[in-house]
Every structure is written in structure tokens, then in C-alpha cells.
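Predicted structure and sequence below. I'll ask about it afterward.
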Amino acid sequence: MALTQGHQVICCDRNRRGGLKNIWLMDSETFLTAVPSATNNIYTTFPGTTAYKFGFDRYTAGFNANATRENGSTVVSVELSFYVPKVTAAVNARLDELASTCGLFACVETYADDCNDPAVTYKFILGYDEIFKEDAYLDFSSGEESTGVALQDANGTQVTLSGDAAMYPLGYSGTITDPASGVVTDAYTLA
């Protein structure tokens, strides 16, 4: 691969809000019903027939993609972290599912908006790329849970999912359809 063009930083790029607004997770067993379609580093379709939205405390979710190169090969370590407030039996049931799932894919929506249309925010697919394909999946790597010891201490779980890819995360321009009932446990659809 060779450079095909440069990159210009424009005035609008200075408004680069951090953090994630939404996270949708799907497991590898329900994922590849079709081949994802990408154009210009953006997936236009992604076969997420069963994706689940995971809520988190405001300003606690984000992802990191750190690339290293050795012997002519590049590996991008991807890590998705978010904080689930309040230790409950229901939270622990979801954490147990995350911890035992073999391979996860995520669609995440950032707070950063598009310069041409401020109503449009950026979405990215984590756990899949054009080189490793579904082998770039994320795994549950840690869940640090604490009730705290004092009345005003944090009470919740810091969740981290991680995996290795061959590319930085590609964007997603498709739509995410909310479940008809509006209940969080219903499956969202990425189309």
C-alpha cells in the first residue's frame, strides 16, 4: 500500500469532542450473515443482525487503537472501555455473558461530529477489519467491580474489551435500527 493523498486539518476539526455516545455489541455466533461492505475506509453495510446496546456512565467510554510495526507487519491493539454504574445481579449477569462470549464485535458512536453536517456523528466498527476479518474480534479482558467503602465512593464496574487487528478501526455509515419495543434487551439491527 502507498500514500494516495494527504490530510488537511480544517477549522471544524478543532471541535473534536472526545468520548463515546453509544456502544452496540454483538457476538461472533450471530455476526457473519453476510460479508461487510467497505468503501473509502467506511463500512456502508455491516451484518449485525443481533446487536445489543450497552449503557454506561456518562464520560466513561472510549476506545484506543495503538499500532506497532515489527518485521514488516503492523498490529493494531484495540481496546474498548466503559463504566457500568451500580453493582447489581442484573449487571453481573450481563458481565458473565460478556466474560464467556467467544468473540465480540462492536459498533461505537462518538460525540465528534461531521464538519459538513453537525447532526452526523462518527461511528466505528471494532473487532473486524479487511485483513484479519472476523479474527480481529474483541474479547473480554477485564471487569473491575467495586462497591466502594464510603457512601460517596463509586459503585460499578469498569469493563475492558480488547483484541488485535491489522488496521485502524473503519468507520460505519449505515443505520442502526432501534427495537420496536424500545426495551434494551431487544436486538438492534445494523444495516
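Yep, it's here. Quick caveat, the model's predicted, so the values are computed rather than measured.

Quick one: distance of the worst-scoring helix or strand of the chain on mean pLDDT to the chain centre.
In the chain, the helix or strand scored least confidently by mean pLDDT, DSSP states H and E is strand 188-190, which has a mean of 71. Remark: strand 188-190 is offset 14 Å from the chain centroid, using C-alpha atoms, centre = their mean, to the nearest Å.

if I look at the residue nearest to Cys102 when sequence neighbours are not counted, how far off is Gly55?
Excluding its sequence neighbours, the residue lying closest to Cys102 (C-beta to C-beta, 6 or more residues apart in numbering) is Ser28, at 6.3 Å. Every residue, glycine included, has its C-beta placed from N, CA and C. Ser28 is 22 Å from Gly55, where distance means C-beta to C-beta, to the nearest Å.

returning to that earlier point: isn't the residue nearest to Cys102 right up against Phe105?
Yes - the pair Ser28 and Phe105 passes the contact test of C-beta atoms under 8 Å, sitting 7.0 Å apart.

neighbour-wise, which of the two wins?
The residue with more neighbours, out of Ser28 and Phe105 and counting by other C-beta atoms under 10 Å, is Phe105; that gives 28 against 17.

Without its sequence neighbours, what residue ends up closest to that one?
The shortest distance from Phe105 to any non-neighbouring residue, by C-beta to C-beta, 6+ apart, is to Gly127 (4.0 Å).

Any buried residues in stretch 18-30, and which?
Burial within stretch 18-30, assessed by neighbour count using 16 or more other C-beta atoms under 10 Å, is assigned to 20, 22-28.

So which of those residues are in helices?
Where these are compared with helices, as defined by DSSP state H, there is no overlap at all.

Quick one: mean pLDDT for the helix or strand Tyr122 falls within?
With elements delineated by DSSP states H and E, Tyr122 resides in strand 121-126, which encompasses its position. For strand 121-126, mean pLDDT rounds to 93.

likewise stretch 151-165?
94.

how about that stretch as PDB, C-alpha atoms only?
Output for stretch 151-165, consisting of C-alpha atoms alone and laid out as PDB, is shown next (Å, rounded to 0.1, in the frame of the first residue of the first chain):
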ATOM      1  CA  LEU A 151     -21.000   6.500  51.000                       C
ATOM      2  CA  GLN A 152     -19.800   8.700  48.100                       C
ATOM      3  CA  ASP A 153     -17.400   6.100  46.600                       C
ATOM      4  CA  ALA A 154     -18.000   4.900  43.100                       C
ATOM      5  CA  ASN A 155     -20.200   1.800  42.800                       C
ATOM      6  CA  GLY A 156     -19.900  -0.100  39.500                       C
ATOM      7  CA  THR A 157     -17.700  -2.000  37.000                       C
ATOM      8  CA  GLN A 158     -15.000  -0.800  34.600                       C
ATOM      9  CA  VAL A 159     -15.300  -3.100  31.600                       C
ATOM     10  CA  THR A 160     -12.500  -3.500  29.000                       C
ATOM     11  CA  LEU A 161     -12.700  -5.500  25.800                       C
ATOM     12  CA  SER A 162      -9.600  -5.900  23.700                       C
ATOM     13  CA  GLY A 163      -8.300  -7.500  20.500                       C
ATOM     14  CA  ASP A 164      -5.700  -7.300  17.800                       C
ATOM     15  CA  ALA A 165      -6.400  -6.100  14.300                       C
END
